[in-house]
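> Here's my sequence, what's the structure:
(2 chains)
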Amino acid sequence: MAWILEDRLKPYQPVRSEPYLTAQIKDHVAGKYFPRYPNKRAALLPLFHVVMHEYGYIPTQAIDEAADFLGLTRSEVQDAVTFYEEFRLEPTGAYVVNVCRSIACELCGHKDVLAKIRDVFGIEPGETTDDHKITVFEVECLGACEQAPCALINEDLHGTINPGDFCATLKALPAKAAGGH
Amino acid sequence: MAFSGPVLLKRIPNDPQQRKLLRYADYVATGGYASLKKAWGMPAEDIIKLVVDSGLRGRGGAGFPCGTKWTFLPKESFPRYLAVNFDESEPGTFKDRYLSDYDPHVLLEGIAIAGYANKISTSYIYIRGEYHKQAKILEEALLEAYANGIFGQKHPGTDIVHNCYVHRGAGAYICGEETGLLESLEGKRGWPRIKPPFPAVAGAFAKPTIINNVETLACLPYILEHGAAWFKSMGTPSSAGPKLFGVSGHVNRPGVYEDELGIKMSTLIDKYCGGVKGKYRAAIPGGVSMGILGTDQFDAQLDFDIGRKYNVLGLGTAGVIVMNDQTDLVVMLRNIVRFFAHESCGQCTPCREGTAWMHKMLSRIVAGYGTAKDFDLLLEVGLSMGSMPGTTICGLADGANWAVKTFLQKFPEDFKKRLKRDVVPGVTLTPAGAAV
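Numbers count the residues shown, from 1 in each chain, chains lettered A, B, ... in the order given. Below you'll find the predicted structure:
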């Protein structure tokens, strides 16, 4: 969460001439989300969901561009974006595996899932495989406690996980994800 | 006491193989949206009175009377918003997800009824970010509802057009706190607001706003259909109506089950969940912030009076987490406190620092380096109003302390036997008990 003692905002990444918020993204957000709220600021979360879906993470440059787009200061956008855990500020692998670690999943063996992932892929929570295919995170409750232990692979929930089968599923995934994050 | 069959789950079969997503046509074919049509023929005040009379209390955790909440809206102050709290993030809670997985239109009908009764301009369904599939289901259901004139139309007899949108959160438990939710809706970090002003007076975008839980709104069509007396015939005098219970942990058939409020936990587990896996030891009655029920409280009645009767905070979301006698309760409490430490928004110092320190102390106890002082201090903080509980803007710190103090009070031996031993092989202990 926001206050945890790590600087979530990474050092400034190189600026690229091509904007991250393309005209297409801007039109989509302006057309679909602006009319929903009395001000533009409220479209901040929907906008960054679109950015996440498009790029898999939020580049620093996109924060600047969003500030211009929404009529806010850079700090206001930064303030909001860094608060939300789902908004990743660094590139991840093609598949983000969010393994739930909250109480029901701990009761039902989430540690076995993480141990199996460590054995098979050699990564700990927070790490990415060398081929940039899989990044694994430990997250708090995914709201699927009856299916404990559970995990999200990108947007898809996998419940009642058998660690071996789960890793086999991960292995079998194509190198590039079809959907967004 | 007259619960004769599922109400909220009546369209969702018990057999998982037969469950499927109900589309608009399926919903209407089983009597859906008839209550909304009925509501549109009634004066708005009569609907509010009906909901007040039904005794419907909020299903999101606090159990505040729903109709009473509606009456707090200042008269003739427009526009008004409805924020639907679908930020279901408390560990152990998944009932709303289940409802929207299969029967999303019952929520939309509830929103339409609440919208009409309170002359709402815009309803926002604030759904947690992790519910990707559910957000898509709701978006599709909304398209169907718009196409069929449920939304995007004027409330009958007024000039107010009612729109409804899905607004996705992005992974923050605190956004389930009603004012944190509003901040997040406005595109800010989800920091709870100081009250007053209450959301009913100045909520989303500083306008009058009602915030209701998904299940609360899903009750409305049935109250309209069958009346307040029918609703009150279920449950206990102070806790009327049917309730969804999400049961997880060490039971044979975890899942969402419906019965009336006031059902004994033992009945719920034996009748619906196929009993406890192993031997019952403890259970959390409604999400981890509610505290724990002891071994002798297996027969606890699950209703809004549970807090007073069994020394827990309350019924919460009725997400029951069952633990058998093989469970390490110290590790479980550490898990709970880690959750709060991680999800504390960091706005109030006692919570930001306190939850993190409690996590450190419990980690120390788990590792075998805890001292009697740690135990006493955890209990003292939990029990004294004004050190951590009662000093913060929202209830997160209170919830964390209810978990800590009830674990320590009800299972002291589990903790005490883990406290510091004199000799830890290979490790030198400092006087404070910290490992070197």
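
> What confidence value was assigned to the residue in the stretch 251-400 of chain B positioned nearest to chain A?
Using C-beta to the nearest C-beta, the single residue of the stretch 251-400 of chain B nearest to chain A is B:G346, 2.8 Å away. Heads up, the C-betas are built off the backbone N, CA and C, glycines and all. pLDDT for B:G346: 93.

> What's the local residue count around the nearest residue to B:F64 once chain neighbours are set aside?
Closest residue to B:F64 apart from its sequence neighbours, by C-beta to C-beta, 6 or more residues apart in numbering or on different chains: B:G58 at 4.7 Å. As a burial measure, B:G58 scores 19 neighbours (other C-beta atoms under 10 Å in any protein chain shown).

> quick one: low-confidence parts of chain B?
Residues of chain B that meet the criterion pLDDT under 70 lie in B:1, B:421-436.

> go with 90
Low-confidence segments of chain B (pLDDT under 90): B:1-4, B:14-16, B:61-62, B:367-373, B:384-390, B:418-436.

> residues in contact with the longest helix along it?
Criterion DSSP state H: the longest helix present in chain B is helix B:349-367. Residues outside helix B:349-367 that contact it (C-beta atoms under 8 Å, 6 or more residues apart in numbering or on different chains): A:3, B:330-331, B:333-334, B:337-338, B:340-341, B:344-346, B:370, B:374-375, B:377-378, B:381, B:387-388, B:391-392, B:396-397, B:400, B:404, B:415, B:418-419, B:433-435.

> Who are the contact partners of the residue of chain A positioned farthest from its centre?
Most distant from the centre of chain A: A:P38, at 27.5 Å, with distances by C-alpha atoms, centre = their mean. For A:P38, the contact set (C-beta under 8 Å, 6+ apart) comprises B:F205.

> Can you pull the phi/psi pair for it?
phi -70, psi -20 (degrees, to the nearest 10).

> residue ranges of the helices in chain A, please?
Using DSSP H, helices in chain A cover A:23-32, A:44-55, A:60-70, A:74-81, A:103-107, A:110-121, A:163-172.

> Including distance to chain B, could those helices go into CSV?
Below are the helices of chain A laid out as CSV (distance: least, C-beta to the nearest C-beta, whole Å):
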stretch, distance to chain B
helix A:23-32, 10
helix A:44-55, 3
helix A:60-70, 8
helix A:74-81, 5
helix A:103-107, 4
helix A:110-121, 10
helix A:163-172, 17
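
> The stretch 151-300 of chain B against chain A: which residues are in contact?
Residues of the stretch 151-300 of chain B lying close to chain A by C-beta under 8 Å from any C-beta of the partner chain are B:163, B:165, B:167-174, B:184-190, B:205, B:246-250, B:254-256, B:284, B:288.

> Mind checking which of those are in helices?
Using DSSP H, these in helices are B:184-185.

> Can you give the domain ranges for the chain?
No chain was given, so I picked chain A. A:23-83, A:95-172 (automatic domain parsing).

> Chain B, not that one
B:16-232, B:235-324, B:329-416.

> returning to that earlier point: only the buried subset of the contacts of helix B:349-367, as a PyMOL command please.
The buried residues among the contacts of helix B:349-367 can be selected in PyMOL (16 or more other C-beta atoms under 10 Å in any protein chain shown) with this line:
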select buried, chain B and resi 330+331+333+334+337+338+340+341+344+345+346+370+374+375+378+381+387+388+392+396+397+400+404+415+418+419+433
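
> Which members of the contacts of helix B:349-367 occur in strands, if any?
Using DSSP state E, no member of those falls in strands.

> quick one, what contacts B:E45?
No residues are in contact with B:E45 under the rule C-beta under 8 Å, 6+ apart.

> and the host helix or strand of it, how far from the chain's centre?
Taking DSSP states H and E as the definition, B:E45 sits inside helix B:44-54. The chain centre lies 24 Å from the centre of helix B:44-54; the measure is C-alpha atoms, centre = their mean, to the nearest Å.

> Check which element follows it along the chain.
helix B:66-71.

> Pull the very next helix or strand once past that next one out as CSV, backbone CA atoms only.
Moving toward the C-terminus from helix B:66-71, the first helix or strand encountered (DSSP H and E) is strand B:81-86. Extracted in CSV, the C-alpha atoms of strand B:81-86 (Å, rounded to 0.1, in the frame of the first residue of the first chain):
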residue,chain,number,x,y,z
TYR,B,81,-25.7,9.9,-6.3
LEU,B,82,-25.9,6.3,-5.4
ALA,B,83,-22.6,4.5,-4.8
VAL,B,84,-22.9,0.8,-4.8
ASN,B,85,-20.2,-0.7,-2.6
PHE,B,86,-18.9,-3.7,-4.5
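
> So which elements touch strand B:81-86?
helix B:104-118, strand B:122-127, helix B:178-185, strand B:209-213, helix B:214-226 (3 or more C-beta pairs under 8 Å, 6 or more residues apart in numbering or on different chains; DSSP states H and E).

> tell me the angle of the first one relative to strand B:209-213?
Counting by axes from the mean of the first three to the mean of the last three C-alpha atoms, to 10 degrees, helix B:104-118 lies at 150 degrees to strand B:209-213.

> what about helix B:104-118 and chain A, touching?
No. Using C-beta under 8 Å from any C-beta, we find that helix B:104-118 stays clear of chain A, coming within 14.9 Å at best.

> What is the burial count for residue 62?
Just so you know, I chose chain A. 25.

> Let me rephrase: I mean chain B.
15.

> Run through the residues that contact it.
Going by C-beta under 8 Å, 6+ apart, the list of residues near B:A62 reads B:G314.
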